[in-house]
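A.B. asks: from the sequence below, what's the structure:
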Amino acid sequence: MSQGPSRRAALGWARAVVLPTINLALALALAAVVILLVGENPLRALRLLAAGAFGNAEAIGYTLYYATTFVFTGLAVAVAFHGGLFNIGAEGQAYIAGLGVALLCLRAGAWPTVLVVPAAILVAAAFGAGWAFVPAWLQARRGSHIVITTIMFNFIASAVMTHLLVNVLIKPGQQSPETREFDSSTWLLQVHEVFHAVGLEIGHSPFNVSSLLALAACALVWVYLWRTRWGYELRALGHNETAAVYGGIVPARIVIVAMSISGALAGLVSLNEVMGVHHRLLLNFPGGAGYVGIAVALIGRNHPVGIVLASVLFGGLYQGGTELSFDMPKLTRDMVVVIQGLIILVCGAFEHALRRPLEALLRPAASPGQA
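C.D. replies: Coordinates of the predicted model:
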């Protein structure tokens, strides 16, 4: 009797930690084979990749800057997924939220920073949630599939932003489709500036204080999912909709709320990119981060801690891959995308193929007297 809880704990630990580690090792092994096929040394490539991502303070700053964006999109995907919803629209939700943040920053040049930042957080969350609300309502009230509608809304967001940046918001006298630069009072502090203020010098990078908001979002998502009644209802709906309805849960309400929260989290990407780095609204500033968030949530097992770790992994691949292409010209940016794809493939499609042998290894054989 006493072995039951400990056995379940061991299996839970294996699924949460051991299995992702094995998946990652297998993905890197497959990537090594690909690198060999293009005529390069995989061990040297791995060393250069690691050094480019974590070799100095500047490299770490870039890695964490990318990771901050991926934390927001990973959380957005994870919240929806716990309710059985597949939100493919984080890219468009972040894009439209950037529009809201840009409009605020363009109008708030005289505002003090302590007022601009909270207002921008609210605006980003509201615009992201609003863009997610319509697909959620269509799913809840009209039965439209959330995958199809969120993908379509990505294209709508792209078309809307292209029109606005080319014809409406573009800075007069320039051809590049972007707004004018925001007033410096609307910029987010970068981490190297914070260190400089206390007398410490680190490498310059776009890593900024929106990372603190990303960590706070992780904590709030954890509380919401596992310490509130609403999170319990969301997870119950995701596990078994029929049982959830029998228990008094209203699916339509849960779908709309969960997708709105998901869109709000995706919208916070705009703080990192628009206010923290570019200081203007650019065409296609999310750069595919919404789609990377799907992989981050998948590898992170839809848990905030796992999402942070997976975000750092993908941030390292982004930053290290850029550096890698300089030292090993045969390993282009496309090759780094291949490595990312292998990680997603192994951690996603092959998860159950590796999970069963691992559980069989950890689960002792039943004695002859046991049923």
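
A.B. asks: now do the strands in the stretch 251-371 of the chain.
C.D. replies: Secondary structure of the stretch 251-371 of the chain, counting by DSSP state E, counting those that start in this stretch: no strands present.

A.B. asks: okay, and for it, where does confidence drop off?
C.D. replies: For the stretch 251-371 of the chain, residues meeting the criterion pLDDT under 70 lie at 348-352, 362-371.

A.B. asks: now with 50, please.
C.D. replies: Flagging of the stretch 251-371 of the chain using pLDDT under 50 yields the residue ranges 365-371.

A.B. asks: measure stretch 155-175 end to end?
C.D. replies: Between the opening and closing residues of stretch 155-175 lies a distance of 23 Å (CA to CA, to the nearest Å).

A.B. asks: so for that stretch, mean pLDDT?
C.D. replies: Here the mean pLDDT over stretch 155-175 is 94, rounded to a whole number.

A.B. asks: what's in contact with it?
C.D. replies: With contact meaning CB atoms under 8 Å, 6 or more residues apart in numbering, stretch 155-175 is reached by 91-93, 95-96, 98-99, 102, 131, 176-180, 281-284. C-beta coordinates here come from the backbone N, C-alpha and C atoms, glycine included.

A.B. asks: what of stretch 201-221?
C.D. replies: So stretch 201-221 is contacted by 56-62, 64-65, 67-68, 71-72, 75, 78-79, 121, 188-192, 194-195, 265, 268, 271-272, 275-277, 304-305, 307-308 (CB under 8 Å, 6+ apart).

A.B. asks: same check on stretch 37-50?
C.D. replies: Counting by CB under 8 Å, 6+ apart, the neighbours of stretch 37-50 from elsewhere in the structure are 28, 31-33, 35-36, 316-317, 320-321, 323-324, 327-328, 330-331, 335.

A.B. asks: could I have it exported to CSV, CA atoms only?
C.D. replies: Once non-C-alpha atoms are left out, stretch 37-50 reads as follows in CSV (Å, rounded to 0.1, in the frame of the first residue of the first chain):
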residue,chain,number,x,y,z
LEU,A,37,25.6,15.2,-43.5
VAL,A,38,26.4,18.9,-44.4
GLY,A,39,30.1,18.2,-43.7
GLU,A,40,30.6,20.0,-40.3
ASN,A,41,31.7,18.8,-36.9
PRO,A,42,28.6,18.4,-34.6
LEU,A,43,30.6,18.8,-31.4
ARG,A,44,32.2,22.0,-32.6
ALA,A,45,28.8,23.2,-33.7
LEU,A,46,27.3,22.5,-30.3
ARG,A,47,30.1,24.3,-28.6
LEU,A,48,29.7,27.4,-30.8
LEU,A,49,25.9,27.2,-30.3
ALA,A,50,26.3,27.2,-26.5
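
A.B. asks: how many neighbours does Ala80 have?
C.D. replies: If you count neighbours by other CB atoms under 10 Å, Ala80 ends up with 31.

A.B. asks: what of Ala216?
C.D. replies: Residues within reach of Ala216, counting by other CB under 10 Å, total 10.

A.B. asks: what of the one 10 residues further on?
C.D. replies: A count of nearby residues for Trp226, using other CB under 10 Å, gives 13.

A.B. asks: how close does it sit to Ala120?
C.D. replies: Using CB to CB, to the nearest Å, Trp226 is found at 29 Å from Ala120.

A.B. asks: try Asn41
C.D. replies: For Asn41, the distance to Ala120 equals 46 Å [CB to CB].

A.B. asks: more neighbours: which of those two?
C.D. replies: With neighbours defined as other CB under 10 Å, Asn41 and Ala120 compare such that Ala120 has more, 26 against 13.

A.B. asks: what's the helix or strand for that one?
C.D. replies: Secondary structure assignment for Ala120, by DSSP states H and E: helix 113-142.

A.B. asks: also Tyr224?
C.D. replies: Under DSSP H and E, the secondary-structure element containing Tyr224 is helix 210-227.

A.B. asks: ok so, going back, next, the angle helix 210-227 makes with the helix holding Ala120.
C.D. replies: Using axes from the mean of the first three to the mean of the last three CA atoms, to 10 degrees, the interaxial angle of helix 113-142 with respect to helix 210-227 works out to 40 degrees.

A.B. asks: those strands in the stretch 1-150 of the chain, which residues are they?
C.D. replies: Counting by DSSP E, counting those that start in this stretch, the stretch 1-150 of the chain contains no strands.

A.B. asks: got any ranges where it has weak pLDDT?
C.D. replies: Where the stretch 1-150 of the chain drops to pLDDT under 50, the residues are 1-2.

A.B. asks: all helices for it, in order.
C.D. replies: 3-13, 19-37, 42-54, 57-82, 90-107, 113-142, 146-163 (DSSP state H, counting those that start in this stretch).

A.B. asks: JSON lines for these, including distance to Leu354?
C.D. replies: Supplementary listing: the helices of the stretch 1-150 of the chain in JSON lines, determined by distance: least, CB to CB, whole Å:
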{"stretch": "helix 3-13", "distance to Leu354": "14"}
{"stretch": "helix 19-37", "distance to Leu354": "6"}
{"stretch": "helix 42-54", "distance to Leu354": "22"}
{"stretch": "helix 57-82", "distance to Leu354": "21"}
{"stretch": "helix 90-107", "distance to Leu354": "28"}
{"stretch": "helix 113-142", "distance to Leu354": "33"}
{"stretch": "helix 146-163", "distance to Leu354": "26"}
